[in-house]
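K.L.:
Make a model of this:
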Amino acid sequence: RLFTKPQNLNDAYGPPSNFLEIDVSNPETIGVGRNRYTTYEVRLKTNLPIFKLKESSVRRRYSDFEWLRAELERESKVVVPPLPGKALIRQLPFRADNGIFDDSFIEERRHGLEQFLNKVAGHPLAQNERCLHMFLQDESLDKNYTPSKIRQA
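P.N.:
Numbers count the residues shown, from 1 in each chain. Modelled structure (predicted):
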């Protein structure tokens, strides 16, 4: 039989022992014509010792999320969840709406990207991957990096 210590008010309402919060927000569409794309702000707040920054904010586009997913599949032992779809039909010309730049689509994709990141970053093995740390905390992605594991300080 397990004996548990009684919970006090500080345990119940104090700061959580370990937390990792990731928000994907503030979509911005940049450029014109075929050079048009949408970026998203990725904000991280954590007290997990494996992350060098306790708070960070970077901008990423969909292709950056695809890069992260491919790196995690290649380098880690984690089953990586799918990204929200590419929406190929929405990219066809002569549409009545804005296609992939339509506000409702951008919001749907933003929500899917946030779910993807929270699932991935919440996995203890994925938290050791350098590509995840770069994606969440480095202003620009070095896609020619050398894959490695992060060691706890």
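K.L.:
mind listing the helices for the protein?
P.N.:
Assigned by DSSP state H, the chain shows helices spanning 9-13, 62-75, 103-121, 130-137.
K.L.:
out of those helices, nearest to residue 35?
P.N.:
helix 62-75 (13.1 Å; Cβ to Cβ). Bear in mind the C-beta positions are built from the backbone N, C-alpha and C, glycine included.
K.L.:
hmm, who's touching that closest one?
P.N.:
With contact meaning Cβ atoms under 8 Å, 6 or more residues apart in numbering, helix 62-75 is reached by 37-38, 78, 80, 83, 109, 113, 116-117, 120, 126, 129, 131-132, 135, 141, 143, 147.
K.L.:
Worst mean pLDDT across the helices and strands of the chain, which element?
P.N.:
Least confident helix or strand of the chain, by mean pLDDT, DSSP states H and E, is helix 9-13 with a mean of 71.
K.L.:
tell me how far the ends of stretch 13-25 are from each other?
P.N.:
The straight-line separation of the ends of stretch 13-25 (Cα to Cα, to the nearest Å) is 28 Å.
K.L.:
got the buried residues for that stretch?
P.N.:
20, 22-24 (16 or more other Cβ atoms under 10 Å).
K.L.:
Find the residue at the geometric middle of the protein.
P.N.:
residue 117 (3.3 Å; Cα atoms, centre = their mean).
K.L.:
related to what we said a few turns ago, right, so the helices of the chain: which one is the most enclosed?
P.N.:
Burial of these is given as mean neighbour count (mean count of other Cβ atoms under 10 Å); helix 130-137 ranks first at a mean of 21.
K.L.:
for the record, mean pLDDT for that one?
P.N.:
For helix 130-137, the mean per-residue pLDDT is 94.
K.L.:
Would you mind writing the CA trace of that helix as CSV?
P.N.:
Output of helix 130-137 as CSV, limited to C-alpha atoms (Å, rounded to 0.1, in the frame of the first residue of the first chain):
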residue,chain,number,x,y,z
ARG,A,130,18.9,19.5,-30.6
CYS,A,131,16.6,20.2,-33.6
LEU,A,132,13.7,20.8,-31.2
HIS,A,133,15.7,23.3,-29.1
MET,A,134,16.8,25.1,-32.2
PHE,A,135,13.3,25.3,-33.5
LEU,A,136,11.8,26.6,-30.2
GLN,A,137,14.6,29.0,-29.1
